[in-house]
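In: Predicted coordinates and the sequence they were generated for:
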2 protein chains.
Amino acid sequence: MADKHPYHHGDLRRALMDGALALVRERGLQSLSLREVASQAGVSAAAPYHHFADKAALVRALGFEALGELDRRMAFAETSAPGDPVERLVAIGSAYVRFALERPDLAALMRAPEMAEPAAAQDQPEHGESWERLVRAVVECQQAGAVAPGDPMTLAIGMWALVQGLAELLASRGADGIPGDPSAFAESVLRVMVPRATHTAPPAPIL
Amino acid sequence: MADKHPYHHGDLRRALMDGALALVRERGLQSLSLREVASQAGVSAAAPYHHFADKAALVRALGFEALGELDRRMAFAETSAPGDPVERLVAIGSAYVRFALERPDLAALMRAPEMAEPAAAQDQPEHGESWERLVRAVVECQQAGAVAPGDPMTLAIGMWALVQGLAELLASRGADGIPGDPSAFAESVLRVMVPRATHTAPPAPIL
DNA sequence: CTGCTAAGTTATCGGTGTCAAGATAGTCGC
DNA sequence: GCGACTATCTTGACACCGATAACTTAGCAG
């Protein structure tokens, strides 16, 4: 309905989002100003309110778009890392970290406080299957006997938290003091932290 | 020098920090206003600038105080969890998550964007030994043969990221859909994710 | 052509961070 | 005790921000 006939501006909503994203990219989410976004798009300061209820709504729209891009990257990582399921799990997680390192602006939008507000549940477009993909990868690892058995939800939450913490640590906080390529380092951390299945049957049989 | 003789107000700096913390606690870091902090302390809007260069400086001071409290809790967890080094490591990590769940205000201050700015390196008071403590716990686990060998830094960063991600996931994001006590759940996740040493000597010796 | 509604405008409000200049109150040297 | 000095706080202002109300314009349906 709103995306068909460009009345005055020609899809202003899109222009606002693009401009806002550019501003976040170059000066950070912290100093994003709705007025500046508007004036950069060549419209008055009140115009955005015909497309977004709030400044928060704009940020949420961008955040969900960022989540979509993340989902796309993780999907690509899943399909292009065949064979060993553990390698696939690592690849999925690594894609997350790489995304946060390459696009800290999008990563910041994903974890913007506006995304945690209850209003965020309303305008969520497609519910994104990132979570299902991660659980699937964990289950496949377990079926292959490569990862410790147990509730896959627990493991998946652990992996998700690990990857998210790694991303924030390396992107937002400084990636100083670690050697070489941060993304390669993150991958090695991931590889170590995957909860591998213990190869012995009982723990230390007294022989 | 500034903490000795209360000139007019009687340690206004402290009053501002306490008031600001109270405001963050009840309405969130997002809507913290320097003016409101000042007027709540019974002082004009410009008064805080004699004690903090910026609003960001106030937030950083609070953030470092929160880091100190976290450090205190992790230190307590370390000393009061003797015996099994893995249990100690889990206890330290669990203390982090519990802290973030109990005091989301302090957790938010710790990861405030102002803490990542380069200016944060200046006014850091005591450099906090949380990191050293974590590395120590990891090394002890390795010496006991309970945790996979390898660079302890890598493992410690993994644990730190895991615990940080877990805290953010459970605190900022909703802790919905997980069963029972969130902190107990986090502890179980931690326990699963600790990179245990494989109990076999070589990986599958062809016998 | 006549409504009707979406889209954009101007004007304004209350609020915010920050600074400059002045007033005030303690401390120190004499 | 007294003047100089400096730290502290106030007033007043500036520029900006998010948000709303009232008005104008543009495109479409009948």
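Out: Everything's here; your move.

In: Got the domain ranges for chain A?
Out: A:1-52, A:60-193 (automatic domain parsing).

In: and these as JSON lines, adding distance to B:Ala77, mean pLDDT and mean neighbour count?
Out: All C-beta spots, glycine's among them, are computed from the backbone N, C-alpha and C. Putting the domains of chain A into JSON lines (distance: least, Cβ to Cβ, whole Å; pLDDT from 0 to 100; neighbours: other Cβ atoms under 10 Å in any protein chain shown) gives the following:
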{"stretch": "domain A:1-52", "distance to B:Ala77": "33", "mean pLDDT": "88", "mean neighbour count": "15"}
{"stretch": "domain A:60-193", "distance to B:Ala77": "18", "mean pLDDT": "93", "mean neighbour count": "19"}
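
In: among the ones you listed, which is nearest chain B?
Out: domain A:60-193 (3.2 Å; Cβ to the nearest Cβ).

In: Tell me if that closest one is near DNA strand D.
Out: No: judged by Cβ under 7 Å from any atom of the strand, domain A:60-193 makes no contact with DNA strand D; its nearest approach is 10.2 Å.

In: what's the answer for stretch A:47-56, then?
Out: Yes: applying Cβ under 7 Å from any atom of the strand, one finds stretch A:47-56 touching DNA strand D at A:49, A:54-56.

In: Are any of those residues buried, and if so which?
Out: Buried subset of the residues of stretch A:47-56 next to DNA strand D (neighbour count, 16 or more other Cβ atoms under 10 Å in any protein chain shown): A:55-56.

In: ok, and what's touching the longest helix belonging to chain A?
Out: Criterion DSSP state H: the longest helix present in chain A is helix A:55-79. Identification of contacts with helix A:55-79 by Cβ atoms under 8 Å, 6 or more residues apart in numbering or on different chains yields A:16-17, A:20-21, A:24, A:29, A:32, A:34, A:37, A:48, A:52, A:88, A:91-92, A:94-96, A:98-99, A:103, A:106-107, A:109-110, A:112, A:114-115, A:117, A:119-120, A:123-126, A:128-130, A:133-134, A:137.

In: Cross-reference those residues with the helices and report the matches.
Out: Reading helices off the contacts of helix A:55-79 with DSSP H, I get A:16-17, A:20-21, A:24, A:34, A:37, A:88, A:91-92, A:94-96, A:98-99, A:106-107, A:109-110, A:130, A:133-134, A:137.

In: Nearest residue to A:Ala15 in space, please, no chain neighbours.
Out: Spatial nearest neighbour of A:Ala15, excluding adjacent residues (Cβ to Cβ, 6 or more residues apart in numbering or on different chains): A:Ala41 at 4.7 Å.

In: Test my guess that the one you found contacts A:Gly10.
Out: No: in this structure, A:Ala41 is not within contact of A:Gly10 by Cβ atoms under 8 Å, at 10.9 Å.

In: before we move on, the earlier item: keep the contacts of helix A:55-79, but drop any that are not near chain B.
Out: A:Leu29 (Cβ under 8 Å from any Cβ of the partner chain).

In: show me what contacts A:Pro48?
Out: A:Pro48 neighbours (Cβ under 8 Å, 6+ apart): A:12, A:16, A:34, A:37-38, A:58.

In: Now distance to B:Ile178 too, for those residues, in TSV please.
Out: Converted to TSV, the contacts of A:Pro48 look like this (distance: Cβ to Cβ, whole Å):
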residue	distance to B:Ile178
A:Leu12	41
A:Leu16	37
A:Leu34	36
A:Val37	37
A:Ala38	41
A:Leu58	31
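
In: These: which two are farthest apart?
Out: Pairwise distances across these peak at 13.1 Å for A:Leu12 and A:Leu34 (criterion: Cβ to Cβ).

In: for the closest residue to A:Ala91 other than its chain neighbours, helix, strand, or coil?
Out: In space, and not counting its chain neighbours, A:Ala91 is closest to A:Ala81: 3.6 Å by Cβ to Cβ, 6+ apart. Recorded secondary structure, A:Ala81: coil (DSSP: H, G, I helix; E, B strand; the rest coil).

In: ditto for A:Ala175
Out: coil.

In: ok, back up a step: how about JSON lines for the domains of chain A, with distance to B:Ala75 added?
Out: Below are the domains of chain A laid out as JSON lines (distance: least, Cβ to Cβ, whole Å):
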{"stretch": "domain A:1-52", "distance to B:Ala75": "32"}
{"stretch": "domain A:60-193", "distance to B:Ala75": "21"}
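
In: now for those domains, which one comes closest to B:Trp160?
Out: domain A:60-193 (6.9 Å).

In: Pull up the distance across that closest one, start to finish.
Out: 32 Å (Cα to Cα, to the nearest Å).

In: ok now it, how far from the chain's centre?
Out: 6 Å (Cα atoms, centre = their mean, to the nearest Å).

In: do the same with stretch A:19-39
Out: The answer for stretch A:19-39 is 20 Å, by Cα atoms, centre = their mean.

In: got the CA coordinates for it in CSV?
Out: Output in CSV follows, covering the C-alpha atoms of stretch A:19-39 (Å, rounded to 0.1, in the frame of the first residue of the first chain):
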residue,chain,number,x,y,z
GLY,A,19,20.2,8.0,5.1
ALA,A,20,20.0,6.9,8.7
LEU,A,21,22.1,3.9,8.0
ALA,A,22,24.7,6.1,6.4
LEU,A,23,24.8,8.4,9.4
VAL,A,24,25.0,5.4,11.8
ARG,A,25,27.8,4.1,9.7
GLU,A,26,29.9,7.2,9.8
ARG,A,27,29.1,8.7,13.2
GLY,A,28,27.6,5.9,15.3
LEU,A,29,24.2,5.0,16.5
GLN,A,30,24.7,7.2,19.5
SER,A,31,24.5,10.5,17.6
LEU,A,32,21.8,9.6,15.2
SER,A,33,19.3,12.5,14.8
LEU,A,34,16.0,12.2,13.2
ARG,A,35,16.1,15.8,12.1
GLU,A,36,19.5,15.3,10.4
VAL,A,37,18.1,12.2,8.6
ALA,A,38,15.2,14.2,7.5
SER,A,39,17.1,17.2,6.3
